[in-house]
Structures are given as C-alpha cells and as structure tokens.
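K.L.:
Need coordinates for the below:
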Amino acid sequence: MALESVHPVTLPPASPEGRRRHTLPASEFRCLTPNDAVCVFEIEREAFVSVSGACPLALDEIRHFLTLCPELSLGWFEQGRLVAFVIGSLWDQDRLTQESLTLHRPAGSTAHVHVLAVHRTFRQQGKGPVLLWRYLQYLRGLATVRRALLMCEDALVPFYEKCGFRVLGACTVTVGALAFTELQCSLRAHAYQRRNSGC
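P.N.:
Okay, here's the model as predicted:
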C-alpha cells in the first residue's frame, strides 16, 4: 500500500456547539468484507514476501474467506485506513492439515487463524498483540468456537505463547521449504490475560 503524501490539513468549520465534526473514527475495529481484500493483500504481501518469499493467502483466497466467513476476520482501521488485520476460518479437526489452508468448515468449533499482519508504517507500536487480544476476545463471544489454532515459524512461537497460545508440536503442513510449529489457545478456559500484560 503506497504511503499517503502529506498535505496541509484544512479543518472543517465548527459545529453550532463549537466542536469539530469528525467523519471518521480515530480508531475502529470491524470485521472485513470482500471490498477490503486488495488492501489486506497489499499489507500481507509486504509483510511476508520479504521474509518468507510467499504470502499465507493469495488475493483470491482472501476474497474467498472474506465472502464465506467475514465474521472470522478483524481489521483495525485508523482514520478509515486499514493498518492491521487478522483472517480466520472454521476448522473441524484436532490439528491443521494441508486442506485447512484453503477450506472453511462451517460446522467446525476451531478458529484457524490464517494470517495476522500489520502495515509496515505501524509496526513496532504494539498493534499486533493488541489486535490479537481483541480478536481472541471477539472469538470468545461466538458460541460455537471453542479454541483457536495457528501455525507459525519458530521465531514467532514466543510471541504467540505470550499471547496465550501453547505449543502442540510440529505442524504437518509445509509450504515449500518452510516448516511450522502448531499452537492452540483455548477460548473456554479462564479469562484471557489482561491487555496490558504484553499481549
């Protein structure tokens, strides 16, 4: 996503009460829609291609999941601009398989977290942990979802453990030469860590 150029800001006229009217919230969390797919893909591509050489989800897969199960996604918008997102789907087996990368199983009780990414301009600001915390709290409100599963490279395991996930072991899924660790987070256990706990 190209960075916006900086222009002088002209404030709107004051309202009759003497306060400015804001047309966009400073910060908003909402489920994503297929209309958000291109912005999502641009953030994902920049975040992953430079590190692993590939994106977890192709643009058509993003559209696929945001059409089938938009309620399992969460975007963080600032001034109307997408700055971070999570995309998930439902899964119906104990562990992830190659099929889980592209399927949504509506009868499943496991949220498979496919990807979490933050726009490069907003990294190193703690947005990833806050978004994941909000996402897990949101999932807890979905009656049929019992746990969250994800796979990640070894370097990211401490981050997810700090956020309440526990290691299940090596994941059977591989992508090219990449191998992954599989982690899960129970959504029906004790209350989730406080947001200021570091995740």
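
K.L.:
Please state the backbone phi and psi of the residue nearest to the spatial centre of the chain?
P.N.:
Centroid-nearest residue in the chain, with Cα atoms, centre = their mean: residue 86, separated by 1.2 Å. Dihedral angles of residue 86 (phi, psi; degrees, to the nearest 10) stand at phi -130, psi 140.

K.L.:
who are the neighbours in contact with it?
P.N.:
73-74, 113, 115-116, 131-132, 135 (Cβ atoms under 8 Å, 6 or more residues apart in numbering). Every C-beta, even on glycine, is put in place using the N, C-alpha and C of the backbone.

K.L.:
and the two most separated of these?
P.N.:
Taking Cβ to Cβ as the measure, the contacts of residue 86 span a maximum distance of 12.9 Å, between 73 and 132.

K.L.:
Is the residue nearest to the centre of the chain bridged to anything, and to what?
P.N.:
Assessed by DSSP bridges, residue 86 has beta-bridge partners residue 74, residue 116.

K.L.:
the strands in this structure, which residues?
P.N.:
For the chain, applying DSSP state E gives strands covering 27-30, 73-78, 81-91, 110-118, 147-152, 166-175, 178-186.

K.L.:
Parallel or antiparallel, which strands does the first one pair with?
P.N.:
If I follow you right, that is strand 27-30. Neighbouring strands of strand 27-30 in its sheet, by DSSP bridges, are strand 73-78 (antiparallel).

K.L.:
Could you tell me the angle between the partner strand and strand 81-91?
P.N.:
Orientation check (axes from the mean of the first three to the mean of the last three Cα atoms, to 10 degrees): strand 73-78 against strand 81-91 gives 170 degrees.

K.L.:
Now tell me what touches strand 73-78 from outside.
P.N.:
25-32, 36, 40, 65-66, 82-88, 122, 127, 130-131, 134-135, 138.

K.L.:
Kindly recompute the last result at 6 Å.
P.N.:
Contact with strand 73-78 is made by 27-29, 31-32, 82-87, 131, 135, as judged by Cβ atoms under 6 Å, 6 or more residues apart in numbering.

K.L.:
Okay, now the unreliable bits of this structure?
P.N.:
Residues of the chain meeting the criterion pLDDT under 70: 1-25, 50-53, 189-199.

K.L.:
change it to 90
P.N.:
1-26, 47-56, 123-124, 174-178, 188-199 (pLDDT under 90).

K.L.:
how close does residue 135 sit to residue 128?
P.N.:
11 Å (Cβ to Cβ, to the nearest Å).
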